[in-house]
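>>> the following comprises the amino acid sequence and a computationally predicted model.
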Amino acid sequence: MFPRSYRKNLTFYPSCFIIDFMKEKIYQTVFVDCFNTIVLRTTSAKDVLFAWSSALGERYDHHPAYFYYAFLSAQRTLSSRGFFRNGEAEFTFREISDRICRQLGDVDATHFYEEALSLYIEAEQSFHAPNEALCQKLSALKKQGCKLYLLSDFYCGKAVVYKFLQNAGIDFFDDIFVSCDFGCSKRSGTLYRHALKQTGAKRSQTLMIGDNRFSDRLMARLNGLHAEDPLTRPPVMSETLKNELKKSTCERKYDEIFSAHGNKYNYSNYAFTLYLFTKRLFERFSASGSKHLFFCSREGQFMKKLFDAYCAYHGHEVDTRYLYISRNSVAALRPLEEENFEYVQQTYPIASTSCFLKSISFSKEQIEEVLTHLKKDPDRRKLGYYHSKTYRTLLDDEVFRRIYGENQRRNVAAFTKYMESFGVDFRQDGLVLVDVGWRGGVQYYLERFYGESVKIHGYYIGLSKANPTKEGLLWTKAKEKRTGNTLFHHRILDYEQILRADHNRVAGYKLDGDGAKVVFGTELDHHKLYEEFIRPMQEQIYENFLRIMEVDREHAGFSYTACKYFHKMMVHISKEDVAWLQLCEDTHYDYFGNIGVVFKRFGHTLVRLYHGAQNFWFRIKARIVLPHRYKKKML
């Protein structure tokens, strides 16, 4: 592996004081390690890192353990990646900073890097002291004409190490070689070869002084240099830091929360993903500078409750409103001449005349009047309905056009009054929506209604179509994806049952004196169903949410935690969970106002097979893709 001329210098000298050792022979070149050799740390490297984490945590309102573990996690990942790429486990502080910044969310990477580096330099320098005895001897050698060079395996570059030396009052080095600047290290021996080449030093007349037995002495001798131990030992981790890290160990607490309601009812652990959504929503909304946040019915009712609890716990005041709205209630706000019903056509290609009329808020009496005039079968659904002669005939029908025009004018007047009741200047402040998502139909209709006069932005659990004014906070089809995007796409329709509200769907609005009144659908008594099926589950989720919030406040970084426990929940779904979901979906009505449409059409057996196939595919994907990316990366 090495030439024979190198092997003659593999003598292992007995440890002795370096000052006495150098009296025996004058070397032309001396390489010196930095930390715990020429610059002594008065505490351990982990204590220094935790001091930096504490300072950074104060700036970004996070527990120090968040940045501490995030740094170590990024360090391990970058080291492994570099080693398998080119055999060198080298990385830079900027790479670590960028990885942490992506976990924080909406933070400028350059600003975060500059701030983090400044705090790190300050933390390091507060624990530095020069090795006085070694400094005196090296200064004497410098006066005799000996060349002195600093070699360090470190993730901050030459400029940062130079600041450390200046702070310690050390100014006699001819040059500084830092591993991250060259992508080579003392540990692999390549930094020695690089330094020898750059300085022109002879191996037999070069001495390496360093405290690390492997990288500073063994690898130096394997590369033909003399090496000696300065007899300095790195400090051990303080008891204070050990106690702090014990407090921040949260996995056991999360396990207790996960199993709080037994093994039969796992859907209560949707609290983990809903907490992650709420946390990301708060970060994004705070960064946007908006004043008001509107949660869309019906799923928004429980989401608002969770968000308000999060804000109250952290001491933030956010103006949140509950917006009674649905796609049906705002689907007919534009004149017929300007409406092409594009959203309905793309979302539900299989339709009938009665389904289409329900989707644009026609009442039962109005639907019967139109169908009687057309003499068409109201329930005959077919693919390509919107390209059929029946649909074109409907659009030209005078009864349909008259009723649509009356509804449209009445809806516009009532909806405008309803929005004015909030006392918000939407033209100036904009309209920020929160909803469960998938396509963002409510926002689509509102954007068409308001046009460019009102700036509308939406935050959703998930989005099936990328849009610059819509953000999916758990999963999205956009190019920029967050941690857990692939994982959280599984069983997305469960949220529509878990987040159901205590009122019926919003069918529309009507004028009531000087204001407007919300009109609810009358298909079934949803409040009774909510109290019987939904509310008990939401109470369990809310209880878990509050406990998760307390643990996250003590610790931090939650993205990988949510991924881990979502995966754990999916692979432990019980028969009781499936039965609960089927009871909920049997009482669910879709966009066309059909109750339990899925089960009435296909039956429970086929639906159970469908859910079983979904879970089977999830397990395969989890075994192949997810363990490396999520399961073992909880901060």
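Now that the structure is in, tell me what you want to look at. Numbering: from 1, shown residues only.

>>> what number of residues lie near the closest residue to residue 79 other than its chain neighbours?
Nearest residue to residue 79, sequence neighbours excluded (Cβ to Cβ, 6 or more residues apart in numbering): residue 89, at 4.0 Å. C-beta: built from backbone N, CA, C; applies to glycine. By other Cβ atoms under 10 Å, 20 other residues sit near residue 89.

>>> and residue 89, helix, strand or coil?
With DSSP: H, G, I helix; E, B strand; the rest coil as the basis, residue 89 sits in coil.

>>> surely it meets residue 184?
No. The pair residue 89 and residue 184 does not pass the contact test of Cβ atoms under 8 Å, sitting 10.7 Å apart.

>>> where does the residue nearest to residue 79 land on pLDDT?
Reported pLDDT at residue 89 in the predicted model: 83.

>>> ditto for residue 266
What the model reports as pLDDT for residue 266 is 79.

>>> next one: phi and psi at the residue nearest to residue 79?
Main-chain dihedrals, residue 89, degrees, to the nearest 10: phi -90, psi 50.

>>> for it, give me its contacts.
79-80, 82-83, 185, 187 (Cβ atoms under 8 Å, 6 or more residues apart in numbering).

>>> which of the residues you listed tops the neighbour count?
When neighbours are taken as other Cβ under 10 Å, the top entry among the contacts of residue 89 is residue 185 (25 neighbours).

>>> how much space between it and residue 34?
Distance of residue 185 to residue 34, given as Cβ to Cβ, to the nearest Å: 13 Å.

>>> got it, and residue 158?
Distance from residue 158 to residue 34, by Cβ to Cβ: 11 Å.

>>> who has more neighbours out of those two?
residue 34 (22 against 17).

>>> and stretch 411-421, how far out from the chain's middle?
Stretch 411-421 has its C-alpha centroid displaced from the chain centroid by 37 Å (Cα atoms, centre = their mean, to the nearest Å).

>>> give me the residues contacting it.
324, 329-330, 332-333, 361, 426, 449, 508-511, 514-518.

>>> for residue 475, name its beta-bridge partners.
residue 462 (DSSP bridges).

>>> list the contacts for it?
461-463, 481, 484-486, 488-489, 492.

>>> for the nearest residue to residue 517 once chain neighbours are set aside, grab the count of nearby residues.
The shortest distance from residue 517 to any non-neighbouring residue, by Cβ to Cβ, 6+ apart, is to residue 510 (5.5 Å). Residues lying near residue 510 (other Cβ under 10 Å) number 15.

>>> can you show me the helices along the stretch 301-450 of the chain?
In the stretch 301-450 of the chain, the helices defined using DSSP state H, counting those that start in this stretch lie at 327-330, 342-347, 353-359, 364-374, 389-396, 398-420, 426-429, 441-450.

>>> these into CSV, with extra columns for mean neighbour count and distance to residue 126?
Formatted as CSV, the helices of the stretch 301-450 of the chain follow (neighbours: other Cβ atoms under 10 Å; distance: least, Cβ to Cβ, whole Å):
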stretch, mean neighbour count, distance to residue 126
helix 327-330, 24, 59
helix 342-347, 15, 60
helix 353-359, 23, 66
helix 364-374, 15, 75
helix 389-396, 14, 74
helix 398-420, 16, 56
helix 426-429, 13, 45
helix 441-450, 20, 50
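
>>> quick one: secondary structure of residue 85?
Under three-state DSSP, residue 85 falls in the helix class.

>>> how close does it sit to residue 402?
Look at residue 85 and residue 402: by Cβ to Cβ, they are 70 Å apart.

>>> and what of residue 396?
Between residue 396 and residue 402 the computed distance is 12 Å (Cβ to Cβ).

>>> which neighbouring elements make contact with the helix or strand hosting residue 273?
Residue 273 is located in helix 271-288, with elements delineated by DSSP states H and E. Packing partners of helix 271-288 (3 or more Cβ pairs under 8 Å, 6 or more residues apart in numbering; DSSP states H and E): helix 251-258, helix 300-314, strand 431-438, strand 456-463, strand 470-476, helix 535-554, helix 559-570.

>>> any chance of those in CSV, with distance to residue 70 and mean pLDDT too?
Below are these laid out as CSV (distance: least, Cβ to Cβ, whole Å; pLDDT from 0 to 100):
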stretch, distance to residue 70, mean pLDDT
helix 251-258, 16, 80
helix 300-314, 20, 93
strand 431-438, 28, 90
strand 456-463, 24, 91
strand 470-476, 20, 88
helix 535-554, 14, 86
helix 559-570, 10, 80
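
>>> with respect to residue 347, which of the ones you listed lies nearest?
strand 431-438 (9.1 Å; Cβ to Cβ).

>>> what's the closest of the contacts of residue 89 to residue 357?
Among the contacts of residue 89, and counting by Cβ to Cβ, the member closest to residue 357 is residue 80, at 59.8 Å.

>>> could you list the buried residues of the host helix or strand of that closest one?
Using DSSP H and E, residue 80 sits within helix 64-86. Within helix 64-86, the residues scored as buried using 16 or more other Cβ atoms under 10 Å are 64-71, 73-75, 78, 82.

>>> next structured bit after that helix?
Taking DSSP H and E, what comes next after helix 64-86 is helix 93-104.

>>> burial measure for residue 308, as a count.
14.

>>> look up how far residue 479 lies from the closest residue to it other than its chain neighbours.
In space, and not counting its chain neighbours, residue 308 is closest to residue 320: 6.0 Å by Cβ to Cβ, 6+ apart. Distance, residue 320 to residue 479, by Cβ to Cβ: 30 Å.

>>> neighbour count winner among the two?
residue 320 (18 against 6).

>>> Throw the helices of the stretch 301-450 of the chain into a markdown table and include distance to residue 502 and mean pLDDT, thanks.
Shown next, in a markdown table, are the helices of the stretch 301-450 of the chain (distance: least, Cβ to Cβ, whole Å; pLDDT from 0 to 100):
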| stretch | distance to residue 502 | mean pLDDT |
| --- | --- | --- |
| helix 327-330 | 18 | 78 |
| helix 342-347 | 26 | 77 |
| helix 353-359 | 23 | 82 |
| helix 364-374 | 25 | 84 |
| helix 389-396 | 36 | 85 |
| helix 398-420 | 20 | 89 |
| helix 426-429 | 27 | 90 |
| helix 441-450 | 20 | 87 |
